[in-house]
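Participant: Build me a structure from this.
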Amino acid sequence: MNALNRRSRIILTFSVLLIVLASVAWGTSSVYGASLPGIIYAPQPSLTPGLVVYGVVRDLSGSGVGGVNIYRRYASYPGILIATTDANGFYQSDFYYIPGDEMVTVWAEKSGLVFEPEFYYWRHYYSYQVKECNFLAHLP
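Facilitator: Predicted coordinates for the structure are as follows:
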C-alpha cells in the first residue's frame with residue numbers, strides 16, 4: 001500500500017511539473033513570436049491600452065490621394081498630426097498609449113479639398129484598439 005501511494009505521488013508530481021513546463025514554454029513562445037511544434041501560433045495584440053489608426057483616402061474616381069494629413073484629438077487635448085498618406089492614399093499611425101476611456105476624433109486635411117466623412121468620432125474604451133478610418137476627398 002505504501003509503495004502505491006509513493007508511486008501515485010511521483011506520477012502526480014511529474015504531471016504537475018509537465019503542466020508547469022508546458023505553460024512556461026507556451027508563454028515564452030508567445031512573447032518571442034515562436035511556436036511550439038504542431039501548434040499554430042496566432043499573435044495576440046498588445047495588452048497595453050491604446051490606439052493605432054489606419055486607412056485610405058481616395059478621390060471620386062477611386063484613386064488614392066497622397067499628401068493628406070491625418071489628425072487625432074482627444075476630448076481634453078488639441079489635435080495632433082498622426083500620419084500623412086503615401087502616394088497611394090494609405091496611412092497608418094504609430095501606437096498611441098491611452099490610459100483610460102477617451103473620446104477620440106480623427107480627421108483629414110489637405111489644402112483645396114474637403115473630406116467625407118468630415119471626421120470620425122468615437123469612445124475609446126480602456127483596451128488595445130486598431131481603428132480603420134477611410135476618407136473620400138473632393139473639391140469644395
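Participant: How are the helices of this protein distributed by residue range?
Facilitator: 2-32 (DSSP state H).
Participant: Can you spell out the domain ranges of it, please?
Facilitator: 1-44, 50-138 (automatic domain parsing).
Participant: how far does the last one sit from the chain's center?
Facilitator: Yep, that's domain 50-138 we're talking about. 14 Å (CA atoms, centre = their mean, to the nearest Å).
Participant: ok so, going back, among the domains of the chain, show the one with the smallest mean pLDDT.
Facilitator: Averaged per stretch, pLDDT over the domains of the chain is lowest on domain 1-44, reaching a mean of 52.
Participant: Could you find the closest non-adjacent residue to Gly64?
Facilitator: Spatial nearest neighbour of Gly64, excluding adjacent residues (CB to CB, 6 or more residues apart in numbering): Gly89 at 2.4 Å. For glycine as for every other residue, the C-beta is placed from the backbone atoms N, C-alpha and C.
Participant: repeat for Pro117
Facilitator: Per CB to CB, 6+ apart, closest to Pro117 is Phe135, 7.1 Å.
Participant: Quickly list what that neighbour is bridged to.
Facilitator: Counting by DSSP bridges, Phe135 forms beta bridges with Val57.
Participant: I'd say it and Glu116 touch.
Facilitator: Yes: Phe135 is within contact range of Glu116, at 6.8 Å (criterion: CB atoms under 8 Å).
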